[in-house]
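S.K.: build the 3D model from these lines:
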Amino acid sequence: MSERPIGFRRAALHLGGLWALAFAQPLFELLGRNAQFFIARGSTAGDILALAFGYALVPPLACAALVWALGRVRPAAGWAAQLVLVGLIVAGMLLPPAGDALGGSAAAVPVALLLGAGAALLYARTEVVRTFVTVLSPAPLVVLLLFLVLSPVHELVLPGGGTGSVAGPARSSTPIVHVVLDELPESTLADASGTIDAGLFPNLARLARGATWYRNATTVDDLTTEAVPAQLTGMQPREGSLPTTRDHPRSLFTLFERSHDVTVIEPITDLCPERLCSEARPGTIDRLESLESDLEVVVRHMLLPEDLRQGLPAIDRVWEGFEAGGASPDVLRGGSNLKHDVIQRLKHDDATAGFQRAIAALDHPGARPPLLFVHSTLPHGPWRFLPDGRRYAIEGKEFPGLEDRGWTGPQWQVDQSFQRHVLQVQYTDRLVGGLLDKLRAIGLYDRAVIVVTADHGVAFRSGQPRRPVNRTNVGEIAPVPFLVKWPGQRDGKVAEGAVRTIDVLPTIAKAAGVRLPWRADGIPADERRVDPAAAIDVSHAGKPVVTERLDSILAKRRGRERVEAALLRDGVYSLGPDPQLVGRPAVAAAATSGPRTTLDGDYRRVDGRSGELPAFVSGEVDGLPANAELAVAVNGRVEATTRAYRKGGRMVFAAMVRPSALRDGPNAVTVLEVLPGARLRTLGGQVRRRS
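M.R.: This is a model prediction of the structure:
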């Protein structure tokens with residue numbers, strides 16, 4: 001090692017090459033396979049370029065500047081900084097394989113640091129090693145080329161085709177309403193008799209009473225970014241395509257742009273041409289800060305061993321940006337909502353505001369009939385809404401029992417998530433009802449074609465993935481609601497045709513009296529034959545993964561409907577191990593000095609008008625075993641029953657209580673142990689975790 005100061009150029013080339021291999025290449029490879037990540041966030045070409053050049057070049061250049069500055073003061077200090085940085089970068093490169101070799105243990109960190117120190121020592125003492133690192137210096141440019149030019153991201157960065165021009169009708173008098181709900185299996189809506197549960201979902205049930213319910217409809221893909229374009233274009237998903245106008249130039253929007261006033265709420269995909277749907281984006285700084293925050297979580301997932309990823313939000317519940325491709329299973333499976341989900345992308349495109357925008361558009365009619373397209377991000381998780389639209393806080397893990405590889409907790413824990421899903425579907429039903437009421441109020445309902453469907457379903461089965469689709473969960477993922485109110489239709493009917501979601505656009509075109517000017521894969525729903533033996537293909541990211549007879553899929557769906565009917569037979573809030581206790585006075589044995597509980601929320605100052613209600617009661621319990629049965633009482637009455645479960649080194653619990661059980665002001669919330677014979681025992685030492 002020379003005593004001469006290390007120059008900025010040399011430090012930058014060496015650190016840049018190592019940084020590109022250790023950090024930039026893995027991240028860009030993952031993002032390159034999942035360009036939907038940027039589409040769902042509304043990232044511009046400038047955002048992507050800023051990310052690419054900033055992440056690949058700025059850190060090594062900043063580090064090189066530090067090395068150069070220290071070397072100017074004292075050459076040994078500059079070399080020491082260079083060696084430390086080389087060692088840390090190499091340690092970061094070796095941490096993922098070390099974590100794999102040690103079974104995800106945090107012990108991989110000191111091992112990787114030790115190996116990095118060894119690499120730095122070789123770098124300091126061996127000219128051959130320094131020469132090899134010099135050879136790596138073009139790596140940042142190679143990595144940038146692969147990401148920006150040769151990966152699917154190039155379609156978002158480089159100008160291209162996809163103008164969306166198509167010869168649609170010049171005139172049409174049929175109002176069009178197309179609502180896509182996100183992650184809603186048909187089985188959720190059905191009661192024990194197989195009809196839409198009017199008690200839980202009155203607005204969808206009311207729509208069905210005057211519409212055609214295509215009861216056997218199935219999705220063509222289990223990812224939003226493929227399933228929504230399939231509905232908008234009538235075309236089967238293609239592997240490798242992106243949900244953009246460039247890859248889907250012909251759509252519902254371009255077909256009717258000359259004849260209709262178009263209003264589009266499209267928070268996840270980007271099929272509406274800019275000439276029709278110029279959207280107001282957050283400022284550049286806000287977008288880049290949000291992108292940086294999300295990517296920080298991604299990088300930590302890629303680098304850290306499993307033990308140190310505990311508590312990190314997982315990265316596949318951001319509307320499928322990371323569910324496809326061949327990256328590490330720990331990165332691609334599991335769940336989360338980086339920050340506040342894609343809903344943070346544009347506040348005016350969140351679920352509630354999206355419906356409000358659609359309704360507001362109807363208040364300003366133009367000379368042409370309206371075309372409303374609403375893709376709601378509900379009832380997709382995280383489940384956080386009560387039926388009346390108020391939210392509830394979630395302390396800790398948003399999806400108890402859901403780990404990297406799917407539902408791993410006991411089935412009762414998965415059933416609790418299903419309960420929260422149902423509550424969120426009830427709120428979604430309310431939003432749909434508001435839009436339908438507006439159509440009736442302004443006199444458009446009768447002559448409109450109205451389609452309400454979902455992009456795909458979701459599974460609630462322990463030991464199975466929540467998604468993607470497989471042969472076990474296909475009965476929950478593939479069947480989706482498909483309701484069509486044809487123009488002039490007043491009487492409801494149930495149709496048994498083998499309808500697919502690619503039939504949405506052909507159905508709308510037929511209802512509006514329009515012939516599609518391109519050859520679609522779908523056909524009008526009323527032209528589908530009743531064919532129980534039809535082979536149903538369900539793809540993942542455009543690649544078929546399950547092919548099964550329709551009657552087999554429907555049998556699995558009916559089996560799930562029976563399970564759900566049993567779960568909800570005593571009401572949504574009675575789901576738990578002891579539903580017979582719900583509603584009874586909380587008469588219990590005296591508190592003991594044994595087991596203790598700690599509540600997460602503060603129930604001294606409940607404000608029902610605040611928009612948030614602590615109806616999700618959670619906390620810790622000490623002194624009881626896993627699966628111990630518990631009752632949650634509010635103001636002297638049992639409102640829920642649940643079980644204790646282990647989370648890390650703690651025993652915790654969670655339960656939903658009826659919103660009406662909580663009153664404004666102070667509330668007495670207690671947790672009791674359920675003893676044999678349905679006897680209750682108050683647990684001692686109940687305190688609040690935070691005020």
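
S.K.: and the closest residue to A65 other than its chain neighbours, what pLDDT?
M.R.: Closest residue to A65 apart from its sequence neighbours, by C-beta to C-beta, 6 or more residues apart in numbering: F8 at 6.7 Å. Any C-beta I mention is one placed from the backbone N, CA and C, and that applies to glycine too. F8 carries a pLDDT value of 93.

S.K.: residue contacts, F8?
M.R.: A64, A65, V67, W68 (C-beta atoms under 8 Å, 6 or more residues apart in numbering).

S.K.: again, only this time at 7 Å
M.R.: A64, A65, W68 (C-beta atoms under 7 Å, 6 or more residues apart in numbering).

S.K.: which of those fall within helices?
M.R.: Assigned to helices by DSSP state H, the following of these qualify: A64, A65, W68.

S.K.: one step back: buried among the contacts of F8? Make that a ChimeraX selection.
M.R.: In ChimeraX syntax, the buried subset of these is picked out as below (16 or more other C-beta atoms under 10 Å):
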select :64,68
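
S.K.: and which of the contacts of F8 is nearest A626?
M.R.: Of all the contacts of F8, A64 has the smallest distance to A626: 52.8 Å, by C-beta to C-beta.

S.K.: so how far is A50 from that closest one?
M.R.: Noted for A64: a distance of 20 Å to A50, by C-beta to C-beta, to the nearest Å.

S.K.: one more: M235?
M.R.: 33 Å.

S.K.: which one of these two is surrounded by more residues?
M.R.: Between M235 and A50, counted using other C-beta atoms under 10 Å, the more crowded position is M235 (21 against 18).

S.K.: my read is that one is in a helix, agree?
M.R.: No - assigned with DSSP: H, G, I helix; E, B strand; the rest coil, M235 falls outside any helix and is coil.

S.K.: what pLDDT does it get?
M.R.: For M235, pLDDT reads 97.

S.K.: ok so, going back, list just the nearest of the ones in helices among the contacts of F8 to L386.
M.R.: A65 (52.7 Å).

S.K.: if we can go back for a sec, dump the ones in helices among the contacts of F8 to JSON lines, plus pLDDT and distance to P579.
M.R.: Shown next, in JSON lines, are the ones in helices among the contacts of F8 (pLDDT from 0 to 100; distance: C-beta to C-beta, whole Å):
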{"residue": "A64", "pLDDT": "94", "distance to P579": "65"}
{"residue": "A65", "pLDDT": "95", "distance to P579": "65"}
{"residue": "W68", "pLDDT": "93", "distance to P579": "70"}
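
S.K.: reformat the residues you listed as TSV; add distance to A107.
M.R.: Converted to TSV, these look like this (distance: C-beta to C-beta, whole Å):
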residue	distance to A107
A64	32
A65	34
W68	36
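
S.K.: mind giving me the packing neighbours of the lengthiest helix in the chain?
M.R.: When the chain is parsed with DSSP H, its longest helix is helix 411-441. On a contact count with 3 or more C-beta pairs under 7 Å, 6 or more residues apart in numbering; DSSP states H and E, helix 411-441 meets strand 176-181, helix 186-189, helix 202-209, helix 351-362, strand 650-656.

S.K.: after it, which helix or strand is next?
M.R.: strand 449-454 (DSSP states H and E).

S.K.: report all helices and strands that the helix or strand just after that following strand contacts.
M.R.: Sequence-wise, the next helix or strand downstream of strand 449-454 (DSSP H and E) is helix 474-477. For helix 474-477, the packing partners by 3+ C-beta pairs under 7 Å, 6+ apart come out as helix 550-567.

S.K.: identify each buried residue in the next helix or strand after the helix it packs on, please.
M.R.: Later in the chain than helix 550-567, the nearest helix or strand by DSSP H and E is strand 596-599. Buried residues in strand 596-599, defined by neighbour count with 16+ other C-beta under 10 Å: R596, T597, T598, L599.
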